[in-house]
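Trainee: need coordinates for the below:
(one chain, ligands or ions: 2)
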Amino acid sequence: MTETNDSGPVLHVDGLVVEYGGRAAFRAVDGVSFDIARGEVLALVGESGCGKSSTARAVIGMETPREGTVQYRGGAVRPLGMRTRPKELTAIQMVFQDPNSSLNPRVRVAQQISAGSRAARARGLDIEAPSHWLKAVGLSPALENRYPYQLSGGQRQRVAIARALAARPDLIVADEPISALDASAQASVAGMMRELCVASGAAMLFISHDLSVVRLMADRVAVMYRGRIVESGPTPLVWSQPAHPYTESLLSAIPKPDGEGTLPEAPATDAPAEWSMRIPEALDRVA
Ligand SMILES: Nc1ncnc2c1ncn2[C@@H]1O[C@H](COP(=O)(O)OP(=O)(O)OP(=O)(O)O)[C@@H](O)[C@H]1O
Ligand SMILES: [Mg+2]
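Mentor: Ligands and ions are numbered 1, 2, ... in the order given. So this is what the prediction gives:
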């Protein structure tokens, strides 16, 4: 790809403004800027309605920015979406809260995943069999021949994630990808998404209102409040020294470890430090 630059961030968002409505437009995103590097997970957190999904939709070109720019791999300044070349578009994969919005109800699991693989092959990348990706997301390859309606909600979401991963994306935009899963599956699916993202050198924008999961998987966190990023930084730092009062109140609302209503311990609960250390290694592997 001629217009791209591999040394810079995968995604560069600068001064993004998204508005809804005509004359008295409502500004849902009000000047948001961030970068995401290869193999890095940036979590976007904040209360309902603060503009997280609007930001995500603008990043993937489903929303036209009123102001600001979204640059993908240092590409020419232009919004993603209709004007983006198809090859680039398949390098960006979305995972939504509702897996039904990304799965075709009339297509068997194996074929759904193969559709992702075709996108990878079109970009000259090696592909893996559907069973590989099913195992990667913790599902039995025996589910290959099922239709989406023959799966549980959690299994369906894992298939949607498997399909996105099979496309070997450079950028994954995941908007509440684990919210529909039951509590016991949330941490493990989130951990798995992170592992695969880091290992493949993809960048991920991970949107969640579940801060306990964000703590486990994000390298950096950006806190949104009424359309703006009010604080951002490495996850452990934001956790230990929240600078903005809103962040402090968000964090104080998380159940304490051992408290009632917390997520069960993920296998890799102590992982943030270890995971961060593995990022450079993972980058070496894919370089
Ligand atoms: N298509 C739309 N038309 C008009 N207003 C919208 C539209 N989509 C979102 N909004 C408004 O923009 C604001 C931000 O919405 P957005 O969906 O980005 O929030 P969010 O942070 O993703 O919230 P949640 O955590 O509930 O998913 C909200 O006030 C919402 O009502
Ligand atoms: Mg949302």
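
Trainee: run through the strands of the stretch 101-250 of the chain in chain order.
Mentor: Assigned by DSSP state E, counting those that start in this stretch, the strands in the stretch 101-250 of the chain fall at 171-175, 203-207, 220-225, 228-234.

Trainee: ok, the residue lying closest to A222 once chain neighbours are set aside - contacts?
Mentor: The shortest distance from A222 to any residue that is not its chain neighbour, by CB to CB, 6 or more residues apart in numbering, is 4.0 Å, and that residue is S232. C-betas here are computed from N, CA, C, even on glycine. Contact partners of S232, counting by CB atoms under 8 Å, 6 or more residues apart in numbering, are F34, R220, V221, A222, V223, V238.

Trainee: go on, V59?
Mentor: Shown here is V59, whose contacts under the criterion CB under 8 Å, 6+ apart are L11, V13, V70, L80, V173, L205.

Trainee: would you check how far apart it and N104 are?
Mentor: V59 sits 24 Å away from N104, going by CB to CB, to the nearest Å.

Trainee: could you do G138 as well?
Mentor: 22 Å.

Trainee: repeat for R226
Mentor: If you measure R226 against N104 using CB to CB, the figure is 37 Å.

Trainee: swap in I254?
Mentor: Taken as CB to CB, the spacing of I254 relative to N104 amounts to 37 Å.

Trainee: tell me the pLDDT at the residue nearest to V238 when sequence neighbours are not counted?
Mentor: Counting by CB to CB, 6+ apart, V221 is the residue found nearest to V238 once chain neighbours are left out, at 5.1 Å. The per-residue pLDDT reported for V221 equals 97.

Trainee: right, and the helix or strand after the helix or strand where L44 lies?
Mentor: Mapping L44 onto the secondary structure by DSSP states H and E places it in strand 41-45. Beyond strand 41-45 on the C-terminal side, the first helix or strand identified by DSSP H and E is helix 52-59.
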